[in-house]
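>>> After the sequence you'll find the predicted model.
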Amino acid sequence: MKRLATLSFMVLIGLALITGCASTEKITPTTPIQELKAPDWVMKGSGAFGGEQGKVFYGVASAFGIKNPSLLRSAADNRAISEISKTFQVYTASLQKDYMASTMAGDPNVTSEEQHVEQALKTVTTMTLSGVQIVDHWQNPATGELFSLARLELDAFKDNLDKVKNLDKKVKEYIKENAEKMHDELSKEEEKRK
C-alpha cells in the first residue's frame, strides 16, 4: 500500500512538473497578424476580384483605439466603403482627416494618446455608390483593431446606375464602360502580385 501511495505521489509530481513547464502562446500587441488566424481578406486587402460570383470590388479597412463599440464599427465600415470609392475616384472625391498623437512626460510608462478622425465623401455627379455592403468583420484579439470588409458587385453597380434618373445617358454609359475597365485593370494588377 505504501509503495502504491509513493508511486501515485511520484506520478502526480511528474505531471505537475510537465504541466508547469508547458508553454502557452501569449498574444501581445506585437504579435504578427498572420499568427492570429486573421481571415484571408484581411491580408489580401482591397481590390478587384473575379470568381464564381462574378466581378466584385472589395474594400478592406480598420479602426483602432475607439472605446465606443458602435463608433469603432461605424468608423471601420465607413473606411472600407471609402476604399471602394477610391477605385471610382474619377467620379467621387473624398476627404479624410486622420490625427493621432502620443505624449510622454517624464515616466516612459505613462503616455497620453489621442485620435481624431473626420471623413467626408462627395460625389461629382448626383450618383452615389449604391450597392456597397459590409459583408464581414474581424477584430484583432491582441490590439482590438476592428477590420471591415465592404463588397460591391460590378453587375449590381451597373444595374443601380441604370436606375438613376437625373444622370445623362452618355455619362451612365461612360461610367459603366470604365467601371468594367477599372475592374479588369485591377484584376490584372492583382494577378501580377501573385
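Yep, that arrived. Numbers count the residues shown, from 1 in each chain.
>>> Quick one: low-confidence residue ranges for this structure.
Residue ranges of the chain with pLDDT under 70: 1-25, 87-97, 119-129, 160-169, 171-172, 174, 186, 189-190, 193-194.
>>> just the helices in it please.
2-21, 40-44, 69-87, 154-163, 169-193 (DSSP state H).
>>> Dump the shortest one to PDB, restricted to CA.
Extracted C-alpha coordinates of helix 40-44, given in PDB (Å, rounded to 0.1, in the frame of the first residue of the first chain):
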ATOM      1  CA  ASP A  40      -7.600  35.800 -45.800                       C
ATOM      2  CA  TRP A  41      -9.400  39.000 -46.800                       C
ATOM      3  CA  VAL A  42      -7.600  41.000 -44.000                       C
ATOM      4  CA  MET A  43      -4.200  40.000 -45.500                       C
ATOM      5  CA  LYS A  44      -5.300  40.500 -49.200                       C
END
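>>> and for that helix, what are the contacting residues?
Helix 40-44 is contacted from outside by 33, 34, 58, 60, 136, 138, 147, 149, using C-beta atoms under 8 Å, 6 or more residues apart in numbering. All C-beta spots, glycine's among them, are computed from the backbone N, C-alpha and C.
>>> who does the fourth one bridge with?
If I follow you right, that is residue 60. On the basis of DSSP bridges, residue 60 is bridged to residue 149.
>>> Surely it and residue 146 touch.
No: counting by C-beta atoms under 8 Å, residue 60 does not reach residue 146; the two are 11.7 Å apart.
>>> Now do the same contact list for the closest residue to residue 136 other than its chain neighbours.
Ranked by C-beta to C-beta, 6 or more residues apart in numbering and with sequence neighbours excluded, the top spatial neighbour of residue 136 is residue 149, at 4.1 Å. By C-beta under 8 Å, 6+ apart, residue 149 lies in contact with 41, 58, 59, 60, 80, 134, 135, 136, 137.
>>> State the distance from residue 34 to residue 131.
Separation of residue 34 from residue 131 (C-beta to C-beta, to the nearest Å): 32 Å.
>>> Comparing the two, which shows the higher neighbour count?
Remark: of residue 34 and residue 131, residue 131 carries more neighbours, 18 against 9, as counted by other C-beta atoms under 10 Å.
>>> didn't that one look like it was pressed against residue 150?
No: shown here, residue 131 and residue 150 do not form a contact pair, counting by C-beta under 8 Å, at 10.5 Å.
>>> returning to what we had before: show only the entries of the contacts of helix 40-44 found in strands.
Of the contacts of helix 40-44, the ones assigned to strands by DSSP state E are 58, 60, 136, 138, 147, 149.
>>> what's the farthest-apart pair in those residues?
Using C-beta to C-beta, the ones in strands among the contacts of helix 40-44 reach their maximum pairwise distance at 58 and 138, which is 13.6 Å.
>>> Could you pull up the residues touching the nearest residue to residue 61 once chain neighbours are set aside?
Closest residue to residue 61 apart from its sequence neighbours, by C-beta to C-beta, 6+ apart: residue 79 at 3.3 Å. Taking C-beta under 8 Å, 6+ apart as the criterion, residue 79 is in contact with 61, 62, 63, 119, 148.
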